[in-house]
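>>> Got a sequence here, can you build the structure:
(2 chains)
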Amino acid sequence: DGGITQSPKYLFRKEGQNVTLSCEQNLNHDAMYWYRQDPGQGLRLIYYSQIVNDFQKGDIAEGYSVSREKKESFPLTVTSAQKNPTAFYLCASSVGDGGAGELFFGEGSRLTVL
Amino acid sequence: EDQVTQSPEALRLQEGESSSLNCSYTVSGLRGLFWYRQDPGKGPEFLFTLYSAGEEKEKERLKATLTKKESFLHITAPKPEDSATYLCAVVPGGSYIPTFGRGTSLIVHP
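Alright, predicted model coming up:
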């Protein structure tokens, strides 16, 4: 079945450590996104990518980094520079320009900083 | 600045008690308005896309409508399994990146 796979589902990190969240899709979608969700908040865009080897910052990119070396993969690194990294992270994909707004989401990764 | 406001923040209904969720928006043009359902600890699931004022979409007990300033998600005779957070998102003209509202948490009691 086609879909988006995020891993790990739960992750604990000590302060000062970098951590990488995995996102893989087999939907053959061009565009991929990373969102952060906090309690009572809407989804806030961290980074997005329209094509391989290209990505753009979203509204809250500080303290995060991404890569898009393959169409299927869009990993997110939460660096030690991110001041409040504890959150629920969601990866999504879409067909790109033609499927504006219709996103397919993964199950999410919950990061807790100890 | 593009804004999306959802109300109410939380809604409790008895099974069978119909109601509506609101999503008001201010964007420069509207490419599309989207509704998603999110269960606790899960990723959002796409429900509907609306493109122009007057458009309506239905799916089981849900019906989404759109005007020039807002959208409503009508829930008819809800069941406990309809309990979830409902998210609204808009894509402004000239873009393909959605801006999300904070959602409405719906609980339907049996």
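>>> helix or strand for the most centrally placed residue in chain A, which one?
A centroid search over chain A (CA atoms, centre = their mean) returns residue A:34, at 2.8 Å, as the residue closest to the centre. Residue A:34 is part of strand A:31-37, with elements assigned from DSSP states H and E.
>>> For that strand, give the mean pLDDT please.
The average pLDDT for strand A:31-37 rounds to 95.
>>> Mind checking what helix or strand follows it in sequence?
Next along the chain after strand A:31-37, taking DSSP H and E as the criterion, comes strand A:43-51.
>>> need the residues of chain B near chain A, please.
With CB under 8 Å from any CB of the partner chain as the criterion, chain B meets chain A at residues B:4, B:9, B:31-34, B:36, B:41-46, B:49, B:87, B:89-91, B:95-98, B:100-103. Yep, even glycine has a C-beta here, placed from its N, CA and C like the rest.
>>> Which residue, neighbours along the chain excluded, lies closest to residue A:88?
Nearest in space to residue A:88, with sequence neighbours left out and distances taken as CB to CB, 6 or more residues apart in numbering or on different chains, is residue A:37 at 4.5 Å.
>>> Could you list the low-pLDDT ranges of chain B?
Chain B contains residues with pLDDT under 70 at B:2.
>>> Do you have the strands of it handy? List them.
Assigned by DSSP state E, chain B shows strands spanning B:3-7, B:10-14, B:19-26, B:32-38, B:45-50, B:56-59, B:62-66, B:70-75, B:84-91, B:99-100, B:104-109.
>>> looking at the ones you listed, which is closest to residue A:106?
Closest to residue A:106 of the strands of chain B is strand B:45-50 (CB to CB; 11.4 Å).
>>> Tell me which residues are up against that closest one.
For strand B:45-50, contacts defined as CB atoms under 8 Å, 6 or more residues apart in numbering or on different chains pick out A:101-105, B:32-39, B:56-57, B:59, B:62, B:64-66, B:71, B:86.
>>> same deal with stretch B:15-24?
So stretch B:15-24 is in contact with B:4-8, B:11, B:13, B:33, B:35, B:69-80, B:86, B:88, B:101, B:104, B:106, B:108-110, going by CB under 8 Å, 6+ apart.
>>> Ignoring the adjacent residues along the chain, who's closest to the residue nearest to the centre of chain A?
Counting by CB to CB, 6+ apart, residue A:46 is the residue found nearest to residue A:34 once chain neighbours are left out, at 4.3 Å.
>>> and the one you found, what pLDDT?
For residue A:46, the model assigns a pLDDT of 97.
>>> Extract the CA atoms of stretch B:87-95 and return them as CSV.
The C-alpha trace of stretch B:87-95 is given here as CSV (Å, rounded to 0.1, in the frame of the first residue of the first chain):
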residue,chain,number,x,y,z
LEU,B,87,-8.5,21.0,10.9
CYS,B,88,-9.1,23.6,8.3
ALA,B,89,-6.3,24.8,5.9
VAL,B,90,-6.3,27.4,3.1
VAL,B,91,-4.0,27.8,0.1
PRO,B,92,-3.7,31.4,-1.2
GLY,B,93,-3.7,32.2,-4.8
GLY,B,94,-0.2,31.8,-6.4
SER,B,95,0.9,29.3,-3.8
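>>> residues of it that come out buried?
B:87-92, B:95 (16 or more other CB atoms under 10 Å in any protein chain shown).
>>> again with stretch A:50-66
For stretch A:50-66, a neighbour-count test (16+ other CB under 10 Å) marks A:50, A:55, A:58, A:61, A:64-66 as buried.
>>> likewise stretch A:72-88?
For stretch A:72-88, a neighbour-count test (16+ other CB under 10 Å) marks A:72, A:74-76, A:78, A:82, A:85, A:87-88 as buried.
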